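**Q** Sequence and predicted structure are below.
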Amino acid sequence: AAPASSLRQRRNLSVPDDGSSGKASKHTAHGENSHKPSFATQGNRIVDVGGGVLVFVVAVLIFANTFTHGFVYDDLVAVVENPDLTPAVPWQQLFKNDYWGNLLSHSHTKSFRPLTVLTFRWNHMFGGLSPVGYHVVNVLLHGLVCVLVYVLAKKLLFGPVLSFLIALLFAVHPVHVEAVANVCGRAEMLSAIFFILSFWLYLHALPTPFRPHTHAWGALVLSVVAAVAAMLSKEPGITVLLVNVAADFVFTCGVLPLPSLRAHFREPWCRALLTRTAVFLSSFVLISAYRLSLNGEAPIEFSPADNPASFSDHLLTRVLSYFYIYAINAWLLIFPRTLLADYTHNTLPLIHTFDDPNNLVSLAFILGMAVATFLATRASVSVSVSGGDGQVTNTSNTTTNTSSSNNQSGTPTNSGKTKNNSSSAKHDHTRSQPRTLHPHARVAALGLALLVIPFLPASNLVTRVGFVVAERVLYVPSLGYIILLAALTRALTSGRGKALSSVLLFIASLILTAFLVRSVTRAEDWKSDVTIWEAMVRDAPWNPKTWKSVGLAYRKQDRLREAEHAYKQCVTLDPDFGDCFLELGLMYQKQGRNSEAEAAYKSIFNIKKRYYHTEQQERYASLTWPTVPEAMSNLGVMYATNGDGARAEQLFRQAYALAPARSGRHGFAYSNLVYFLQINGRADEIARV
């Protein structure tokens, strides 16, 4: 009995929820009727199932208004125009193509999410391109994630009420609207499902009193398999293996920063810990290396307009801007009032100097993270590990702790009794006392790991990303934020009376209500391209891309007067934004307003003259150069239609020289030149082209 008791103390996941948990533990500690299911146990199971069902229902009802929405934003490329959804493409090809249906080795985004595309393919199989089925699946997946959050919270012994509040807050958080309401955001939810399953399987792989010196290899292997599935749904899912490693040290060893591992190296629990660490880290390295090998030789290409900070030549600008971006991400988790579909094109300013007032926002973020880290590790206990029978005793430097009795994974209980301390002190082989985390702090530390580690791929620290801020990438990190918030709140208010608990419950109710209302209204913004970009114009009118996008949405609905106004606003805000002039010229051309179309196209050529041989050529290249061949080709079509064949041929050849025939955006330049030669009886020249 002694080794099993010591193991439970060493692996303490539990934190008391109220006084009743301590009473229950007194009975189970002596094994009284532990094998018989009681009415209380059956009642707890009913509460667990009822809580999970209620969380699922709430999560689905909140986003039920998206069932009537259409395809919006990236959905057009990822779903409507994606050939991988059709039976003409073998399903095996999904594991060779990127998210958008292009060959991965030739892709410039390297987005590889075959499991997510496979679910799109199933939607297409049963409902074609009707958006209803796609939105229904998205909402159901979100409901499933919320149920898994509830189960995970229970696994961490938050108690039924707090676990329900955690899952409910996750279900209604407005920052999740983009992932749920946008069909393309399914990758986030599918990855989150496998992410949570991988972590849950890791918890089941931990030693128990029935196998105190080893782990469940089956659960360990399945945890790695689930991590692979998370990565195949969306790349950051592989970070769950790093979360598992961090959680293992916190929960199994509890030592920070682990200075005493060498002293305990020969003990079975320590060797088991290091074995699991080796399994997770080696799996992470091997799987990541294999994933990178699929990219091929084509480089990842993003425009400086998509992520200005990462393209800055000045280290100070990058560092200050990154911290500001991190602060904005944190603010979206805390106060998600203003939500945007696109943060590129200077929606957030670059910070070049220390005297920029935006640095105050970054400073507040740094201080907030420092306080959260301090609070997550402020309480500690001393652990004496004996060398003979493995007896472990805990001495709390704060308060005595008792554990909830409904822990079925072999997690420990703590007691700050003097009798245990004295008996431990008499042992001949007592080793040095490492500093370990208080039970409250262990769950808080896990929340911190869940907040930070899954966000790393989007931080620009690992690799450059194609966005500034993306609300969808906060889907999994938000779980860490909520767990951290719940754990710290419980640790700071434990034992302070029911009055404070009632006040906190009232505050939580207000927050949940506000978040629910904001999520419902924000989901309506994602109804169509027009509504989402009108919302962007309302909340970020200084962004030129916003006006260009809403103008394009208006043009598709033949609302030409509104489209023209939007395009003119775009070029007013950014006279160097070639795409705006291109769209404006195309609209004029289709209306027969040739002189105005010609002026719009030539404005793109004038941008080139302004930036030629200047230090800002990179800005010109990113914003304008891709549109130059398109403008030349469109202008050539207009000249050819008006009978000016000589000028038309000249422009077609110039466009082809800038954008020769290849798969991608500018294949039309080749097509236009060949067609022009063919209709003019010059087929013999086509071979030379």
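**A** Yep, that arrived.
**Q** use CA for all of it now, contacts and neighbours both
**A** Noted.
**Q** So, low pLDDT: which residues of the stretch 101-250 of the chain?
**A** For the stretch 101-250 of the chain, the stretches with pLDDT under 70 are 208-214.
**Q** Can you show me the helices along it?
**A** 114-127, 131-155, 160-172, 177-181, 186-205, 217-233, 240-248 (DSSP state H, counting those that start in this stretch).
**Q** Leu61: which of the ones you listed is closest?
**A** When the helices of the stretch 101-250 of the chain are compared by CA to CA, helix 131-155 sits nearest Leu61, at 8.8 Å.
**Q** So which elements touch that closest one?
**A** helix 39-62, helix 114-127, helix 160-172, helix 177-181, helix 186-205 (3 or more CA pairs under 8 Å, 6 or more residues apart in numbering; DSSP states H and E).
**Q** Identify the residues contacting the nearest residue to His173 once chain neighbours are set aside.
**A** Leaving aside its chain neighbours, His173 sits nearest to Phe515 (5.7 Å; criterion: CA to CA, 6 or more residues apart in numbering). Applying CA atoms under 8 Å, 6 or more residues apart in numbering to Phe515 gives the contacts 172-174.
**Q** Of the helices and strands packed on helix 131-155, which stretch is the most buried?
**A** helix 177-181 (a mean of 27; mean count of other CA atoms under 10 Å).
**Q** so where's the protein shaky on pLDDT?
**A** Within the chain, the ranges that satisfy pLDDT under 70 run 1-44, 47, 208-214, 253-265, 377-440, 608-626, 659-668, 689.
**Q** so where do the strands sit in it?
**A** With DSSP state E as the criterion, the chain has strands at 380-385, 392-396, 435-437.
**Q** Out of the helices and strands packed on helix 131-155, flag the one nearest Leu673.
**A** Closest among the helices and strands packed on helix 131-155, using CA to CA: helix 114-127, at 35.8 Å.
**Q** Restrict stretch 199-210 to CA atoms and write it as CSV.
**A** Output of stretch 199-210 as CSV, limited to C-alpha atoms (Å, rounded to 0.1, in the frame of the first residue of the first chain):
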residue,chain,number,x,y,z
PHE,A,199,-3.9,14.9,-24.6
TRP,A,200,-6.7,12.9,-23.0
LEU,A,201,-5.0,9.6,-24.2
TYR,A,202,-1.7,10.9,-22.7
LEU,A,203,-3.5,11.3,-19.3
HIS,A,204,-4.7,7.7,-19.6
ALA,A,205,-1.2,6.5,-20.4
LEU,A,206,0.1,7.8,-17.0
PRO,A,207,0.9,5.2,-14.3
THR,A,208,-1.9,4.3,-11.9
PRO,A,209,-1.9,2.5,-8.5
PHE,A,210,-2.5,-0.7,-10.3
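**Q** What is the distance between that stretch and the centre of its chain?
**A** Mean C-alpha position of stretch 199-210 versus that of the full chain (CA atoms, centre = their mean, to the nearest Å) differs by 26 Å.
**Q** Same check on stretch 348-367?
**A** The chain centroid and the centroid of stretch 348-367 are separated by 24 Å, computed with CA atoms, centre = their mean.
**Q** quick one, what contacts His176?
**A** Counting by CA under 8 Å, 6+ apart, His176 has contacts 471-472, 474-475.
**Q** got the helices of the stretch 101-250 of the chain as CSV, with distance to Asp356 columns?
**A** What follows is the helices of the stretch 101-250 of the chain, written out as CSV (distance: least, CA to CA, whole Å):
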stretch, distance to Asp356
helix 114-127, 42
helix 131-155, 40
helix 160-172, 34
helix 177-181, 31
helix 186-205, 34
helix 217-233, 39
helix 240-248, 35
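**Q** Name the residues of stretch 571-584 that come out as buried.
**A** 571, 573-584 (16 or more other CA atoms under 10 Å).
**Q** ok, those vs Gly159, which is closest?
**A** Closest to Gly159, out of all of these and judged by CA to CA, is Leu573, at 53.4 Å.
**Q** follow-up on the earlier one: tell me the one of the contacts of His176 nearest Asn543?
**A** Distances from Asn543 to the contacts of His176, taken by CA to CA, are shortest for Glu471, at 17.3 Å.
**Q** Let me see the contact set for that closest one.
**A** Residues near Glu471 by CA under 8 Å, 6+ apart: 175-176, 178-179, 329, 332, 339, 341.
**Q** repeat for Val80
**A** Taking CA under 8 Å, 6+ apart, one finds 71, 129 in contact with Val80.
**Q** any idea which residue sits dead centre in the chain?
**A** Centroid-nearest residue in the chain: Val473, 2.4 Å away (criterion: CA atoms, centre = their mean).
**Q** now what about stretch 674-682, what contacts it?
**A** 649, 683, 685-686, 689.
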